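Visitor: Following is a predicted model, sequence given first.
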Amino acid sequence: MSKWCLSDVTTFLPRLLLMLPPLFAGSALAAPLTFQRAVELAARHSVGPSIVSADLERTYESYVESKSLYLPQMVAGSATGYSAGLPLTLDGAAPSIFNVAARQILFNPAQRSFMKSARAQWQASTLAESELRRQIMLDAAIAYVELSRINLQMQLLRQQHEAATRLVYIETERIRAKLGRGPSLLRAKLIEAQTRMRSAELDGSAVQLRKRLADLTGLPEQEIETMPDSIPALPDEATPNAAQEAADNDLRVRIAAEQSRASVLHAQGEHRLLWPSVDAVGQYALLSRFNNYDEFYKRFERNNGTVGLVIRFGFLNRAQAAHAREADADAVKARRQVDTIKSQVSGEVLRAQALVKQLTAARDTAQIEYALSVSEKKKLDVTTETGEAALTEQVTGHIGAEQKFGEILDATFELQKARLQMLNASGDLDKWVLAETPVSPAEQATNRGSVSEILPHTESKDFHISSLMIAPDVTVLPARNSQQFFAAAIGSDGKGKDVTSMARWYSSNDSIAIVSTSGLVTALTSGQVTITVSLYGESESIQITVTEPETEPQ
């Protein structure tokens, strides 16, 4: 067995001290991955090596090639060789020691159309790169939000598994004491197995999402840790004319429009190949003395040059005319494709808006079901203390309430995902994500200055709001707890009116706390959140601190 001596320690200690700074430097310098930083890194990191970038380079060089034909094109070379008899041409040029040929387009309507077509294709490739960048931003945003949700659910499932394990233990002890029955133990084991299975599923999903974010952002997987409070509030509705605006301005529509323009210009060029064209040409050749020129020509000159114009007119080219008609058919198809994509984009926006409304109702339902389960859980706690209910019923009630809370998390993520897709469909995703201070939904409603569609028009004329109030004045809420808030509108006459179900409710961060359309706030995880109510351009907010969840009875 080896022993350490003082000399070994004095030798090893300096080396250890030199190794420690690099080991801790990465963790000290590693900044938390916020939502905005993750999306920005994905936008910068993933687009560069993409196939679209290569296609962009190809279309740009194609445009440069077509434009360069208007510059003088010069070719220099040599066509030396032995001539037997009359000196014939070699590769289209007379046998010569040195020759230079030059050509430049002077008038060519077809080439001008082809050049414009190449430019339109280049513009379409530029827009395609932007479209790919937007899709990557959407993927990163959804992955980040989903990973945040899974991390919270994994914490919840750990507690559920502890409760399920405790339930199995209780039922086992009851059977040993001959107080319980086999089916109760089997149900307890089933709940424990289900929580383990769900935990395994979430672990696998978390690993895949971290890998996905690492691939998108270029960061190591160990640095992919989300910050739920960095996810800004998502708008719950698009602008009134979002579908029409998307149909006119969406990148996919603009790409199709540029490709259609390129097809039309290409077809125009094919037709113009039947028009006259004029090129300026010139040639110089230094002839040799050993190619029998002096025998076949009366006067031999070593230095020879030619300058002139070449005029072409292909009016009897039936093959070219058929090719031009084929290009016309492609142009018609491209124009129809633009209309199809416009209809597709506007339909996506309308479907996204409908899905957001549907999922908002689903989340509200999940909130109410969770509030009811919490109420039942509290009743079970009381009845268990008085001996009216068994401990197994209490534990089962707690697990059921936590499962309902998990359903809230699932519904919230699906709603966030739908809102991101709505932003993407309406073309506002990159503006919202990359804005330094994204505008909250409440500010959007206030800036629009009118929420008159919430109340009937006749009522808005009779009741003029001077201010809004939120009750009760709750500023601290433990996680996994719910609180019903009410909104009162104070009219110009000083009278109040309950507008809880009429006003719009917003949360500044759905990853911290959510609020239903009826003002029911459910705290998800610890952090700071602002709950805002808005009506007729008036708004009122309340700051809530979400604390750690209350400890469950053992």
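Guide: Sure, I can see it. Numbers count the residues shown, from 1 in each chain.

Visitor: Looks to me like V521 is in a strand.
Guide: Yes - secondary structure assignment places V521 in a strand (DSSP: H, G, I helix; E, B strand; the rest coil).

Visitor: how close does it get to F313?
Guide: 80 Å (Cβ to Cβ, to the nearest Å). No exception for glycine: its C-beta is placed from N, CA and C like everyone else's.

Visitor: mind listing the strands in this protein by residue range?
Guide: 73-77, 96-107, 277-287, 303-312, 465-471, 476-478, 482-484, 486-491, 496-498, 504-507, 513-515, 520-523, 527-535, 538-547 (DSSP state E).

Visitor: where in the stretch 351-500 of the chain is pLDDT low?
Guide: 434-463 (pLDDT under 70).

Visitor: so where's this structure uncertain?
Guide: 1-31, 46-51, 180-181, 236-239, 434-463, 551-554.

Visitor: what about the helices in it?
Guide: Using DSSP state H, the helices found in the chain span residues 6-29, 35-47, 51-68, 109-176, 182-217, 242-249, 251-272, 293-296, 318-385, 391-425, 429-434, 441-448, 457-462.

Visitor: returning to what we had before: can you tell me which of the strands of the chain is most buried?
Guide: strand 513-515 (a mean of 26; mean count of other Cβ atoms under 10 Å).

Visitor: For that one, which strands pair with it and how are they oriented?
Guide: Using DSSP bridges, strand 513-515 pairs in its sheet with strand 520-523 (antiparallel).

Visitor: list the contacts for S263?
Guide: S117, A327, D330, A331, K333, A334, R335 (Cβ atoms under 8 Å, 6 or more residues apart in numbering).

Visitor: Which pair in those residues has the greatest spatial separation?
Guide: Farthest pair in the contacts of S263 (Cβ to Cβ) is S117 and K333. Separation: 15.3 Å.

Visitor: Spatially central, which residue of this structure would that be?
Guide: L138 (1.1 Å; Cα atoms, centre = their mean).

Visitor: how near is the residue nearest to it when sequence neighbours are not counted to M137?
Guide: Leaving aside its chain neighbours, L138 sits nearest to N424 (4.8 Å; criterion: Cβ to Cβ, 6 or more residues apart in numbering). Going from N424 to M137 by Cβ to Cβ gives 8 Å.

Visitor: Kindly report the same for T360.
Guide: 24 Å.

Visitor: what about those two, which has more around it?
Guide: A direct count of neighbours by other Cβ atoms under 10 Å for T360 and M137 places M137 higher, at 26 against 18.

Visitor: ok, back up a step: quick check on S117 and K333: which one has the bigger neighbour count.
Guide: S117 (24 against 11).

Visitor: Let me see the contact set for the more buried one.
Guide: By Cβ under 8 Å, 6+ apart, the neighbours of S117 are R261, A262, S263, L265, H266, G269.

Visitor: farthest pair in the residues you listed?
Guide: R261 and G269 (12.6 Å).

Visitor: what's M115 in contact with, if anything?
Guide: So M115 contacts Y63, S66, K67, L69 (Cβ under 8 Å, 6+ apart).

Visitor: how close does it sit to D428?
Guide: Distance from M115 to D428, by Cβ to Cβ: 35 Å.

Visitor: cool, G314 as well?
Guide: From G314 to D428 the distance is 51 Å (Cβ to Cβ).

Visitor: same question, E385
Guide: 53 Å.

Visitor: likewise V75?
Guide: Look at V75 and D428: by Cβ to Cβ, they are 53 Å apart.

Visitor: do the same with T412
Guide: From T412 to D428 the distance is 21 Å (Cβ to Cβ).

Visitor: Show me which of those two is the more surrounded one.
Guide: Using other Cβ under 10 Å, the more surrounded residue of T412 and D428 is T412, with 24 against 18.

Visitor: residue contacts, the residue lying closest to E348 once chain neighbours are set aside?
Guide: Nearest residue to E348, sequence neighbours excluded (Cβ to Cβ, 6+ apart): A425, at 4.3 Å. The neighbourhood of A425, defined by Cβ under 8 Å, 6+ apart, consists of A246, D250, V345, E348, V349, A352.

Visitor: does the closest residue to V476 other than its chain neighbours have beta-bridge partners, and which?
Guide: Distances taken as Cβ to Cβ, 6+ apart place T545 nearest to V476, at 5.1 Å, with adjacent residues excluded. Per DSSP bridges, the residues bridged to T545 are V476, Q528.

Visitor: does T545 really touch V474, like I thought?
Guide: No - between T545 and V474 there is no contact under Cβ atoms under 8 Å: 10.1 Å.

Visitor: how many neighbours does R174 have?
Guide: R174: 18 surrounding residues under other Cβ under 10 Å.

Visitor: now it: how far from G427?
Guide: 61 Å.

Visitor: Check E221 too.
Guide: In this view, E221 and G427 are 32 Å apart by Cβ to Cβ.

Visitor: So the two - more neighbours on which side?
Guide: G427 (22 against 12).

Visitor: contacting residues around that one?
Guide: Counting by Cβ under 8 Å, 6+ apart, G427 makes contact with E245, A246, N249, D250, L251.

Visitor: Q73 too?
Guide: A102, R103, Q104.

Visitor: One more pass at 6 Å, please.
Guide: Applying Cβ atoms under 6 Å, 6 or more residues apart in numbering to Q73 gives the contacts R103.

Visitor: next one: L202
Guide: Applying Cβ under 6 Å, 6+ apart, the residues near L202 are I150, Q153, M154.

Visitor: Next: F98.
Guide: Per Cβ under 6 Å, 6+ apart, neighbours of F98: S78, L286.

Visitor: try 8 Å
Guide: Applying Cβ under 8 Å, 6+ apart, we find F98 in contact with A76, G77, S78, A285, L286.

Visitor: Equivalent analysis for A280, please.
Guide: So A280 contacts A102, R103, Q104, L106, V307, G308, L309, V310 (Cβ under 8 Å, 6+ apart).
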